[in-house]
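> A predicted structure for the sequence below; I have some questions about it.
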Amino acid sequence: MGYFKDFMTWTWDENLCIHVTILVAKYTPTTIVEMYDIIQDMRIKSRTMIIKVDLTGANPFCHEVRQVTRLILDVFEYTKNDQLLKQIQFFNAGILVRTFYKPISMMLPSYVREIIVFN
């Protein structure tokens with residue numbers, strides 16, 4: 001299992017799918033540039049990627065949620081030619097987050113909307 005700044009962990013399954021978990025409540029400001037080496041390693045060792053975002057204890061309108069969202073979109077853009085990122089799963093998202101997401105989702109490209117799920 002890998003760790004990055006205590007807010008992100010990852011593991012591979014038997015199908016070489018990397019499962020990345022982000023704990024929004026523990027998030028510290030991070031840029032895609034700081035993660036290039038980690039992402040490159042993931043790209044080399046993985047066939048697919050699933051990002052799981054745990055919103056436990058996070059205010060849906062807090063700065064960290066927006067920063068995590070930006071980071072995920074940056075990862076998506078960085079890996080889109082590999083078609084590595086297969087799903088973005090949001091866990092522990094209350095009704096407010098789901099309601100807020102609906103109108104915003106229409107501004108996202110369809111290929112991004114299609115990989116986002118709420119669990």
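Great, that's in hand. Numbers count the residues shown, from 1 in each chain.

> does anything pack onto the helix or strand hosting His19? Which helices or strands?
Following DSSP states H and E, one finds His19 within strand 17-23. Packing partners of strand 17-23 (3 or more Cβ pairs under 8 Å, 6 or more residues apart in numbering; DSSP states H and E): strand 8-12, helix 32-45, strand 48-54. In short, each C-beta sits where N, CA and C put it, glycine included.

> ranking these by burial, who's on top?
Highest mean neighbour count of the helices and strands packed on strand 17-23: strand 48-54, a mean of 20 (counted as mean count of other Cβ atoms under 10 Å).

> partner strands of it, with direction?
In the sheet, strand 48-54 lines up against strand 17-23 (parallel), strand 85-91 (parallel) (DSSP bridges).

> flag the shaky bits of this protein, pLDDT-wise.
60-61 (pLDDT under 70).

> max-length helix in it?
Longest helix in the chain by number of residues (criterion: DSSP state H): helix 63-79.

> so which elements touch it?
Using 3+ Cβ pairs under 8 Å, 6+ apart: helix 63-79 touches helix 32-45, strand 48-54, strand 85-91.

> redo that, cut-off 10 Å
Helix 63-79 is packed against strand 17-23, helix 32-45, strand 48-54, strand 85-91, helix 95-105, helix 110-113, with contacts defined by 3 or more Cβ pairs under 10 Å, 6 or more residues apart in numbering; DSSP states H and E.

> got CSV for the strands paired with strand 48-54, with distance to Phe4 too?
Formatted as CSV, those follow (distance: least, Cβ to Cβ, whole Å):
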stretch, distance to Phe4
strand 17-23, 9
strand 85-91, 17
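
> most tightly surrounded among those strands?
Compared across these, strand 17-23 shows the largest average neighbour count, a mean of 19 (mean count of other Cβ under 10 Å).

> could you dump the helices and strands packed on strand 17-23 to a markdown table with distance to Tyr111?
Converted to a markdown table, those look like this (distance: least, Cβ to Cβ, whole Å):
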| stretch | distance to Tyr111 |
| --- | --- |
| strand 8-12 | 23 |
| helix 32-45 | 18 |
| strand 48-54 | 15 |
